[in-house]
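> Predicted model follows, preceded by the sequence.
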Amino acid sequence: MVRSALATKRKIGKGPIAGAAAVPTVSVAIGILLSALPIVAQIGWFPDFGFLMLIAWRLLRGDVWPSWWAAPLGLLNDLVTGCPVGFSVVVWTASMLALELLDRRTLWRDYWIEWVLASLLILFAESAEWQVAAWMGAPVPFSFMLPPVLISMAAFPLAAWVVGRLDHWRLGRQ
Amino acid sequence: MAAPSGPRPGWSRRAQYGLFFSFIAAIIGLAIGLVLLAFSIAAPDNFKNMKGLALDATAPITQGLNAVGATVRGLASGAGDYWDAARQNGQLSRENQFMREQLITARAIRQENGQLKAALQLREQTPDSVAAGRLVGSSFQSPRRFAILSAGTRDGVQIGMPVRASRGLIGRVIDAGAFASRILLISDRASIVPARLLRTGQAVIAQGRGDGSIEVKPLEVGRNPFQPGDLIITSGTGGLYPPLVPIARVSRLDGDNAIGLPLANPAAISFAIAQQPYEPEAMAPLTGKDQELP
């Protein structure tokens, strides 16, 4: 009894923060808004921050949001980044559905498998962007897309780390 | 690591239904997205009001942060200018003198040109500048090349207007909000500018390549007319872009074509000017023209 009374329990006031359920969505929205940064570049090689945050959250937890939330978030991304309206709605929702189906098939995952899954989704998203650009009258060779794809794949662990820290913070774990 | 427990709701009927309906909602969302995407590919003008609103909503972020960045850069380069000021002063005075001489020659040529045109009774409008702004952002995440100009419909900018800087052509307006507008840069693959080789006057076409450079193609089949270092200027054909605006400098030859670099680098210029289309008639059928051009 004495020992259990003296043992350090959870610190008082260390539960989930207020509005913990909204943190994932808000962080994806902030990722989307990063594309409004005043960077004037001649080459579009930066990763799509909103998409990276979205798949990083979804790979970390299956229950951060119902998968249809990807549709309004994708619409926001289209409007902010200047993609053709509907493009991110399709790609983001399709990614959520793919992960939903995948969750039923896989028994276990580790970090490497998550990175491979994220890389496949990034490849899918960038190829779709390339194909839509070709349909919109801007057909560039696919080799132009390889540097941004590789940069996005390399940036995914960074997004996963940010998401992991945010998850600890919002749930009050240390 | 065990698979996350999220998508397996266990025996709770309520949780099962919730999961099922969110699945259905996601499929509906996907379908709506496909319809929206089909609309925006078929007719890019469909969502111009929505895109204009979004431009206005993000304008405070972009322009505010750009002001901060400009101040920091200004402090750094301002401090740098004091360094080595005497030598720079001498160099600038020499350049100034040289420019003055060139200017007198240019004035004489212009006067002569005016007289010759009057003799030929050639009618010509000079395009009016509508608004000046800064290039404050760009599509740095996508294969398309867009930039954000800090001037919108409130300043008189309209969709379709050509945009230039003092050094050369930038592109044309494709989305306009009240305070900001989106510009299709000449380095985008969908941008095609009727142009001329300055050295020989031969008609060429300048099309972006999507990586910041520009592909220049001759209209006539024959020997490759380009040499590295050649200047490409607009020809005024088509009536949208005014003539005699510098576009690019040829950096290397590529088969029958040449690859050039834009003279007005959007990352380096400070101000851009939106102008009236060279022939105002080019504005009216612009939507139709846009669909066939890109």
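Done, it's in.
> what are the phi and psi values for the closest residue to chain B within chain A?
Scanning chain A for proximity to chain B using C-beta to the nearest C-beta identifies residue A:62 as nearest, at 2.4 Å. C-beta: built from backbone N, CA, C; applies to glycine. The phi and psi values for residue A:62, taken as degrees, to the nearest 10, are phi -80, psi -10.
> Relative to residue B:75, how far out is it?
Separation of residue A:62 from residue B:75 (C-beta to C-beta, to the nearest Å): 49 Å.
> Show me which of the two is the more surrounded one.
Between residue A:62 and residue B:75, counted using other C-beta atoms under 10 Å in any protein chain shown, residue A:62 has the larger neighbour count: 16 against 10.
> low pLDDT regions in chain B?
For chain B, applying pLDDT under 70 flags the ranges B:1-9, B:77-78, B:80, B:121-127, B:282-294.
> Now do the phi/psi pair for the residue most central in space within it.
The residue lying closest to the centre of chain B (C-alpha atoms, centre = their mean) is residue B:185, at 2.5 Å. Reported as degrees, to the nearest 10, the phi and psi values for residue B:185 are phi -70, psi 160.
> With residue B:16 instead?
Torsion angles at residue B:16 (phi, psi; degrees, to the nearest 10) stand at phi -60, psi -50.
> That one and chain A, how far apart?
13 Å (C-beta to the nearest C-beta, to the nearest Å).
> residues from the stretch 101-250 of chain B in reach of chain A?
Residues of the stretch 101-250 of chain B lying close to chain A by C-beta under 8 Å from any C-beta of the partner chain are B:135-147, B:175, B:182, B:187-190, B:209-212.
> what about chain A, any weak spots by pLDDT?
Ranges of chain A meeting pLDDT under 70: A:1-13, A:174.
> all helices for it, in order.
For chain A, the helices defined by DSSP state H occupy A:2-6, A:23-33, A:49-60, A:70-81, A:87-105, A:111-135, A:146-171.
> out of those, nearest to residue B:34?
Ranking these by proximity to residue B:34 (C-beta to C-beta) places helix A:87-105 first, at 5.6 Å.
> Reformat the helices of chain A as JSON lines; add mean neighbour count.
What follows is the helices of chain A, written out as JSON lines (neighbours: other C-beta atoms under 10 Å in any protein chain shown):
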{"stretch": "helix A:2-6", "mean neighbour count": "7"}
{"stretch": "helix A:23-33", "mean neighbour count": "20"}
{"stretch": "helix A:49-60", "mean neighbour count": "25"}
{"stretch": "helix A:70-81", "mean neighbour count": "24"}
{"stretch": "helix A:87-105", "mean neighbour count": "21"}
{"stretch": "helix A:111-135", "mean neighbour count": "17"}
{"stretch": "helix A:146-171", "mean neighbour count": "17"}
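> Give me the next element, helix or strand, following the helix or strand encompassing residue B:104.
In the assignment (DSSP states H and E), residue B:104 maps to helix B:85-120. Next in sequence after helix B:85-120, counting helices and strands by DSSP H and E, comes strand B:129-133.
> who's in contact with the closest residue in space to residue A:142 that isn't next to it in sequence?
Leaving aside its sequence neighbours, residue A:142 sits nearest to residue A:130 (C-beta to C-beta, 6 or more residues apart in numbering or on different chains; 6.2 Å). Neighbour list for residue A:130: A:140, A:142, A:145, B:143 [criterion: C-beta atoms under 8 Å, 6 or more residues apart in numbering or on different chains].
> try it again with 7 Å
With contact set as C-beta atoms under 7 Å, 6 or more residues apart in numbering or on different chains, residue A:130 has these partners: A:142, A:145, B:143.
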